[in-house]
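Engineer: this is a predicted model, with the sequence first.
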Amino acid sequence: MGLKIVPDTDFRIQWIDLWNEYVHTVPQMFYTPVKFHGDRPAHIYWKNDQWVTLTYKEFAAVAEEIAAGLIGLGVQKGDNLVIMSTNCPEWGWADMGIELAGGCTTTIFPSLGKADVTFIINHSQVNYVFAGNKALADMINSFRDELPTLKGIIVLQELEAGNGQDLFTLDEIREAGRKLLEQQPDIVANRTATITPEDAATTVYTSGTTGKLKAARLSHRVVTDGIWRCLRNQMMGEIGVESTEVYLSVMPMAHIMERTYGMFCIMAVGACLAWGRGPAFVIQDMQEIKPTFMVMVPRMMDRILKGLRQVFGATPEGAAAWDWAMDVAWRAVDARIGEDGTFDMSLDYLDELNGDIREEYIKAKAAVFDKVHAVMGGRLRCFASGGAAILPELHKPFLGMGLFVANGYGLTETLCGVGVGRGNNVKVSWNAPVAPGIEWRQDDDGELLLKGAGIITEYYNDPESNQTCFTEDGFFRTGDIVEFDENGIFHVVDRKKAIIVMDTGKNVAPAKAEALLMRNILIDQVLIVGDGKKYITALICPNWDEMAKIADAKGIPYDKEKLHYELVNGMNTCVEVGPDLAEAEFVRQIVAETVEKANQELADFEQIKKFRIPHRKFLQKYDELTPTSKAKQRVIMTNFAADIASLYE
């Protein structure tokens, strides 16, 4: 069939290509919508129990005040400043203030511990930190003597006053900036005029699943070229990022994917960014903001789907309607898929379906799908999914309900967006062709190598990683083994370093088995083990919230005082249970049946021969997960060494 591609003659493509000819720094990208769309809403955020709107002109005034305030503190062009905060509008204001002052924004997840925070601040020689609240400021101050370059902390929220020396509120910085602008009106403009495309714009540290943090320092040109690439790719697929978008931000802005799409792409087209109130408010915020575009990780999408299932399942009739509608959604997607495995989500289902499935779809749409759209605000056109593989069991229901989910692939080093699903060529659970502006090839083992628009050419202050992560001719080694189809659409098979080499010499990609196990919504986390061993085993963490519900429904007793709950992605989640529930026969039976079903789709040497059910989940506080919930295999294997050893006795 061949790929559908919007031609270069399309005005949207011509516009973004023209944009890329003239915009080469973050300040240029920022001031373009300020100039042409100044009265449009730039930000929507929650304040004093109501939603507040900030226009692009007002955003510019705030950012310039912060920039002037920083210049008044002595911040020079090229200085490194950190933002360490949960999502809030002040995060975006500080980011743009740093950029206008000629600084380089370094991001830190607020959940990181002392060791990582110390490393990042010292490695980047940071002189000022924007801390989200007083608690974070106090945490940094508690090891201030280990941060020799740090001159001060600026607190975004929850601090009434600083000390006037090395602790400031954001309002104090803005007030100082206003006074300086009154005296020197051109002080910020003069600073931004000195910024070149090759200057550093931002430094983002990789999540460190292999143990070592690496600094991806992106120049202004890398950022703007990357934004051009991301926007052009989506425009080529018909469902692009439009100037009328209302983007709801629910993922951490410290993550490269959220900042790329939620901050930079939205800003580039003059659209509106709405700051969500946190994961616990996602559905409520969607209903009130009525977004058109969002980015989510599969785990969050899974929670939404489970929540919808629970709402419909409140009555037997509702549960039956949901199950029937999901079956229709699956069959509708299958009916639209062509010989090459793709279909066009830019076209309406009712225009593409025929016969009985069309009639069923009309009924399912009225009974379920329209209600789902209404719950999500009624205007949502696109989810961009990234950060992990999206399984067919999650991808298909959303697609079938008429919600385009752009399955994305990218890395911190590539400003994400290497291959993000295009609306007119959707392939379930696959990504997309490599985005425009990127030169690529595969190494002999299938590893994807990249060079071009939006991709770094070296790590900052890390010669060892530069030797191992880049080829002699300048290609970045992604570390991901990928597979391409006949249309050039690719998907990730597994991380290169994750490949298990058994003592028989057989190679096993653990992601395959993990994905098969995770199809069951009752399974929450999986670690596949077997490197240097005779057979494959697994640590399997069930969804303990769901298991507890099943036990309650069956009348199976267990010690509820042993249940331990923590906030995970903003949701109160059961992360540990007592031995009575962990070792309950019904739990083991559910896991065993899931393993047996997965093994049916695996080669004999890939099959899981034994498994253990730990009493607790893998947790970030024990350094077992990155801030983006990726598993740190080495740490988990160390922390659960006894469980793993028992599998090979």
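Structural biologist: Cool, got the structure.
Engineer: for this structure, what's the longest helix?
Structural biologist: Looking across the chain with DSSP state H, the single longest helix is helix 316-336.
Engineer: mind giving me the packing neighbours of that one?
Structural biologist: On a contact count with 3 or more C-beta pairs under 8 Å, 6 or more residues apart in numbering; DSSP states H and E, helix 316-336 meets helix 298-312, helix 349-352, helix 355-364, helix 392-400. C-betas here are computed from N, CA, C, even on glycine.
Engineer: for P7, find the nearest of those.
Structural biologist: For P7, the closest of the helices and strands packed on helix 316-336 is helix 349-352, at 21.9 Å, according to C-beta to C-beta.
Engineer: just the helices and strands packed on helix 316-336: most buried one?
Structural biologist: helix 392-400 (a mean of 21; mean count of other C-beta atoms under 10 Å).
Engineer: picking that back up, how about the longest helix of the chain: buried residues?
Structural biologist: Residues 318, 321-322, 325-326, 328-333, 335-336 are the ones in helix 316-336 that count as buried (16 or more other C-beta atoms under 10 Å).
Engineer: now it against helix 298-312, angle please.
Structural biologist: Counting by axes from the mean of the first three to the mean of the last three C-alpha atoms, to 10 degrees, helix 316-336 lies at 130 degrees to helix 298-312.
Engineer: tell me the mean pLDDT over helix 316-336?
Structural biologist: For helix 316-336, the mean per-residue pLDDT is 96.
Engineer: give me the residues contacting it.
Structural biologist: Here helix 316-336 makes contact (C-beta atoms under 8 Å, 6 or more residues apart in numbering) with 308-309, 311-313, 343-344, 349, 352-353, 357, 360-361, 363-364, 367-369, 396-397, 399-401, 428.
Engineer: restricting to C-alpha, output that helix in PDB.
Structural biologist: Extracted C-alpha coordinates of helix 316-336, given in PDB (Å, rounded to 0.1, in the frame of the first residue of the first chain):
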ATOM      1  CA  PRO A 316     -23.800  -5.700  35.600                       C
ATOM      2  CA  GLU A 317     -25.500  -3.900  32.600                       C
ATOM      3  CA  GLY A 318     -22.700  -1.300  32.500                       C
ATOM      4  CA  ALA A 319     -20.000  -4.000  32.700                       C
ATOM      5  CA  ALA A 320     -21.600  -5.900  29.900                       C
ATOM      6  CA  ALA A 321     -21.900  -2.700  27.800                       C
ATOM      7  CA  TRP A 322     -18.200  -1.900  28.300                       C
ATOM      8  CA  ASP A 323     -17.000  -5.400  27.500                       C
ATOM      9  CA  TRP A 324     -19.100  -5.500  24.300                       C
ATOM     10  CA  ALA A 325     -18.000  -2.000  23.200                       C
ATOM     11  CA  MET A 326     -14.300  -2.900  23.700                       C
ATOM     12  CA  ASP A 327     -14.800  -6.000  21.600                       C
ATOM     13  CA  VAL A 328     -16.300  -3.800  18.900                       C
ATOM     14  CA  ALA A 329     -13.400  -1.300  19.200                       C
ATOM     15  CA  TRP A 330     -10.900  -4.100  18.600                       C
ATOM     16  CA  ARG A 331     -12.800  -5.500  15.700                       C
ATOM     17  CA  ALA A 332     -13.300  -2.000  14.200                       C
ATOM     18  CA  VAL A 333      -9.500  -1.500  14.300                       C
ATOM     19  CA  ASP A 334      -8.900  -4.900  12.700                       C
ATOM     20  CA  ALA A 335     -11.400  -4.100  10.000                       C
ATOM     21  CA  ARG A 336      -9.500  -0.900   9.100                       C
END
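Engineer: ok, the residue nearest to T107 when sequence neighbours are not counted to T626 distance?
Structural biologist: Spatially, and ignoring its direct neighbours in sequence, T107 is nearest to A254 (4.1 Å; C-beta to C-beta, 6 or more residues apart in numbering). Between A254 and T626 the computed distance is 12 Å (C-beta to C-beta, to the nearest Å).
Engineer: quick one on the thing from earlier: now the buried residues of helix 316-336 in a markdown table, with distance to K151?
Structural biologist: Formatted as a markdown table, the buried residues of helix 316-336 follow (distance: C-beta to C-beta, whole Å):
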| residue | distance to K151 |
| --- | --- |
| G318 | 59 |
| A321 | 61 |
| W322 | 57 |
| A325 | 58 |
| M326 | 56 |
| V328 | 61 |
| A329 | 56 |
| W330 | 58 |
| R331 | 62 |
| A332 | 59 |
| V333 | 56 |
| A335 | 62 |
| R336 | 58 |
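Engineer: just name the closest of the residues you listed to W19, please.
Structural biologist: Closest approach to W19 among those (C-beta to C-beta): R336, at 33.4 Å.
Engineer: kindly state the domain boundaries assigned to this structure.
Structural biologist: Taking automatic domain parsing as the reference, the chain has its domains at 1-17+220-450+484-497, 26-195, 499-646.
Engineer: with distance to G474 added, can I get those in TSV?
Structural biologist: Below are those laid out as TSV (distance: least, C-beta to C-beta, whole Å):
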stretch	distance to G474
domain 1-17+220-450+484-497	9
domain 26-195	23
domain 499-646	25
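Engineer: on that earlier part again, nearest to R12, of the helices and strands packed on helix 316-336?
Structural biologist: Closest to R12 of those, according to C-beta to C-beta: helix 349-352, at 22.1 Å.
Engineer: elements contacting the closest one?
Structural biologist: Judged by 3+ C-beta pairs under 8 Å, 6+ apart, helix 349-352 is in contact with helix 316-336, helix 355-364.
Engineer: which residues sit against that helix?
Structural biologist: With C-beta under 8 Å, 6+ apart, helix 349-352 has contacts from 332, 336, 343-344, 358, 361-362, 365, 402.
Engineer: cutoff 7 Å now
Structural biologist: Here helix 349-352 makes contact (C-beta atoms under 7 Å, 6 or more residues apart in numbering) with 332, 336, 358, 361-362, 402.
Engineer: farthest pair within those?
Structural biologist: For those, and using C-beta to C-beta, no pair is farther apart than R336 and I362, which are 15.2 Å apart.
Engineer: hmm, Q525 and F618 touching each other?
Structural biologist: Yes. Using C-beta atoms under 7 Å, F618 is in contact with Q525, at 5.4 Å.
Engineer: more neighbours: which of those two?
Structural biologist: Shown here are F618 and Q525; by other C-beta atoms under 10 Å, F618 has more neighbours (24 against 21).
Engineer: which ones are touching the residue lying closest to that one once chain neighbours are set aside?
Structural biologist: Spatially, and ignoring its direct neighbours in sequence, F618 is nearest to E624 (4.1 Å; C-beta to C-beta, 6+ apart). Residues in contact with E624 (C-beta under 7 Å, 6+ apart) are 618, 631-632, 635-636, 639.
Engineer: thinking again about what came up before, quick one, which of the helices and strands packed on helix 316-336 gets closest to L647.
Structural biologist: That would be helix 298-312 among the helices and strands packed on helix 316-336, by C-beta to C-beta, at 26.0 Å.
Engineer: same for the closest one, what does it pack against?
Structural biologist: Here helix 298-312 touches helix 316-336, strand 382-385, helix 392-400, going by 3 or more C-beta pairs under 7 Å, 6 or more residues apart in numbering; DSSP states H and E.
Engineer: now do the one helix or strand L273 maps to: distance to the chain's middle.
Structural biologist: Assigned by DSSP states H and E, L273 belongs to strand 272-275. Counting by C-alpha atoms, centre = their mean, to the nearest Å, strand 272-275 is centred 16 Å from the centre of its parent chain.
Engineer: just checking, what packs against that strand?
Structural biologist: Under the contact definition 3+ C-beta pairs under 7 Å, 6+ apart, strand 272-275 sits against strand 41-47, strand 246-249.
Engineer: mind listing the residues bridging to F343?
Structural biologist: When bridges are called by DSSP bridges, F343 pairs up with V426.
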